[in-house]
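S.K.: Kindly return the folded structure for what I paste below:
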Amino acid sequence: MPKSTHRPGLTIEIARLDAAWPDIDDLIRPAVQAALSTVDAPLLGELSIVLSDDDKVRTLNRDFRGRDKPTNVLSFPMPPETAMMGDVVLARETIAREAREQGKSFPNHFVHLLIHGVLHLQGFDHEADQDAADMEAREVRALACLSIDNPYSSDSG
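M.R.: Model (predicted):
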């Protein structure tokens, strides 16, 4: 008989490792719920959102992905048999720079990347073209739930 693990509802913990993050905490739960609304049977449980900086994210990216550079978001899923969904780690400086370069607001770009990270925790990736298209469509649907324009559209900003 397979071992059953009880998965509670959604619990979100926020760890602020960089005090320079703006006050965006009220955007987190709606963004996570929008991401999960695009998944037929989402894995719930404890989700840790880590608001970090480029230096810490660079170290994680190097140690876990072999890429010695900062990135905007990293996701660390937990095994399905645990009561945890996983961790999403975001780098403030990279997100701010990308938002400026792309002509987007920091909050909207942050929400997009948080949704992206949560979808990774749900098992989605963008390694193959078809998977990338599916993940992008889910992101766009989740963002639309929050009245945020399609970030992949040439009109977005």
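
S.K.: can you list contacts of stretch 98-111?
M.R.: Outside stretch 98-111, the residues that touch it by Cβ atoms under 8 Å, 6 or more residues apart in numbering are 22, 24, 27, 31, 72, 90, 95-96, 143, 146, 148-149, 151, 156-157. Using the backbone N, CA and C atoms, a C-beta is placed for each residue, glycine as well.

S.K.: can you give me the mean pLDDT across that stretch?
M.R.: In this model, stretch 98-111 has a mean pLDDT of 97.

S.K.: List the buried residues for that stretch?
M.R.: Across stretch 98-111, burial judged by 16 or more other Cβ atoms under 10 Å covers 98-99, 104, 106-111.

S.K.: export these to TSV and tack on secondary structure and distance to Pro79?
M.R.: Listed next are those as TSV, based on DSSP: H, G, I helix; E, B strand; the rest coil; distance: Cβ to Cβ, whole Å:
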residue	secondary structure	distance to Pro79
Glu98	helix	31
Ala99	helix	34
Lys104	coil	34
Phe106	helix	33
Pro107	helix	32
Asn108	helix	32
His109	helix	30
Phe110	helix	28
Val111	helix	27
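
S.K.: Pick the one among the residues you listed closest to Pro42.
M.R.: Val111 (17.6 Å; Cβ to Cβ).

S.K.: The residue positioned nearest the centre of the chain and Ile95: what is the separation?
M.R.: The structure's the chain has its C-alpha centroid closest to Gly117; by Cα atoms, centre = their mean the separation is 2.3 Å. Counting by Cβ to Cβ, to the nearest Å, the separation of Gly117 from Ile95 is 11 Å.
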